[in-house]
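1. Structure of the sequence below:
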Amino acid sequence: MTSKLRILRLAGPIGLVGMLLLAGGCGNPSPTNTYVYIAQYDDSSATSSLGQFQLSGSGTLTEIGSLEGAGSSLALDSQGGFLFSGYGPIHQYVITNDGVVMPNSIPSIEIDGASWGLTYALACNCVIGANNVNEFSIGSWSVGPSGSLTSVSNVQTGGNSGAIVAVHPSGRFAFVPSNVYDDELESTTTTISEFSVGPDGTLSPANSLVTPGVACCASFVTSPKGFLYVEKPYTSTAIFSVDADSGALSMTGTTALPSASYFAFDPTGSFAYLGVTEGGTPALARFSVDPNTGVLTPDGPAFNIWIAPGEEGLWAVDPSGRFLVVSNYAGPNFVYQLSILAIGNDGSLSLASNLALPANTYPVAITFAQK
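-> A predicted model of the protein is given here:
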């Protein structure tokens, strides 16, 4: 399938943003109500929409609404009251007390360029996004009391790797990758540019790190524990620690993940869920995260599920850490469904429920709110 909305995966400080994007905070570990929002794209009509669902305590999804015109990334404020979606203009939404998403009184703001990958930074109560059209840049917008965004910064990045940005969980640092192919070495080098984020959201160029042989990115993700993961598609992942004071990056190791295309972390950052191949069959597997280095180690058996390949593979852990929401094939001819996998106390995965998606429609971003 092809899509004008498709952008590479990115994640914010609480697991996904990519194009999962999780942001804000983990909320109450035993929430009264958990809501799931899915930005989805219909290939046949070249249209997008925002699916809205309530996630029950037993792991079933109930649709509570839908809106046309959502973008390809989602960012949620820390209180779960406002939702933002980027692609061309940034769409602005209000989340009601019953979890229904409605257009804000100012439904969108126009911005320079398009294809903005968005994430939320708690420290400045602002949305940060990267632009992959025309001149590559990184921008920030403060979130007002009514949920309307006001531009704070726009800085040229020199990047060329799409609408990709990752924000440290402290909210003080943002990272953007850029790829350069070296003809002489016959390999790709990635430069990771870092920007400090001021209390008001002002972005300032800070450190940069050149990483020979690390071609970005199938995933470019920060974990809740503050590590940055840069995945070379289908081969390995470079792992970086982030200095809490300066934001400087240091490579701590690499992890060979030949079949992985996407990351999702539990709310504590202690475990990651990745796509793998188990006996020739697509599967999801849990990995433990070393608290000192961020290195990933397989932890328990994989769960066979026909996750979509490449950029259409998408999954996210809900804020309680009890469920994994997975986009996967329901059958032949690229028919998609959402599967809810229950996460056992031992980390094992089991199927809780499935929800069919409309024909030719697949998710491009997932996020959660709790009420």
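2. gap between the closest residue to Glu63 other than its chain neighbours and Leu355?
-> Nearest non-adjacent residue to Glu63, counting by CB to CB, 6 or more residues apart in numbering: Phe53, 5.6 Å away. Bear in mind the C-beta positions are built from the backbone N, C-alpha and C, glycine included. Separation of Phe53 from Leu355 (CB to CB, to the nearest Å) stands at 8 Å.
3. Now for those two: what residues contact both?
-> When contacts are counted by CB atoms under 8 Å, 6 or more residues apart in numbering, Phe53 and Leu355 have Leu61 as shared neighbours.
4. More neighbours: those two, which one.
-> Phe53 (23 against 18; other CB atoms under 10 Å).
5. Please pull up the helix or strand immediately following the helix or strand encompassing that one.
-> Here Phe53, judged by DSSP states H and E, is contained in strand 47-55. Counting by DSSP H and E, the next helix or strand C-terminal to strand 47-55 is strand 61-68.
6. Run the chain-centre distance for that next one.
-> Remark: strand 61-68 is offset 20 Å from the chain centroid, using CA atoms, centre = their mean, to the nearest Å.
7. Walk me through which strands it pairs with, and which way each runs.
-> Strand pairing for strand 61-68, using DSSP bridges, gives strand 47-55 (antiparallel).
8. In the partner strand, which residues are buried?
-> Residues Ser48, Ser49, Leu50, Gly51, Gln52, Phe53, Gln54, Leu55 are the ones in strand 47-55 that count as buried (16 or more other CB atoms under 10 Å).
9. Flag the least confident of the residues you listed.
-> The member of those with the lowest pLDDT is Ser48, at 89.
10. so it bridges to which residues?
-> Judged by DSSP bridges, the bridge partners of Ser48 are Tyr41.
11. Now do it against Thr297, distance only.
-> 38 Å.
12. go on, Ile307?
-> 21 Å.
13. Just want to know which of these two has more residues nearby.
-> It is Ile307, of Ile307 and Thr297, that has more neighbours when counted by other CB under 10 Å, with 22 against 11.
14. and the more buried one, what are its bridge partners?
-> Counting by DSSP bridges, the residues bridging with Ile307 are Asn328.
15. Please apply the same query to Val230.
-> Beta bridges link Val230 to Phe220, Ala238, judged by DSSP bridges.
16. That one contacts Thr211, doesn't it?
-> Yes: counting by CB atoms under 8 Å, Thr211 is a contact partner of Val230 at 7.1 Å.
17. And for Asp243, the neighbour number?
-> As a measure of burial, Asp243 has 12 neighbours, counting by other CB under 10 Å.
18. And stretch 244-258, what's buried?
-> The neighbour-count check on stretch 244-258 (16+ other CB under 10 Å) flags Gly247, Ala248, Leu249, Thr252, Thr254, Thr255, Leu257 as buried.
19. Look at Val230 and Thr211 and report which has more neighbours.
-> Between Val230 and Thr211, counted using other CB under 10 Å, the more crowded position is Val230 (27 against 19).
20. Please tell me how far the more buried one sits from Ile239.
-> Taking CB to CB, one finds Val230 at 8 Å from Ile239.
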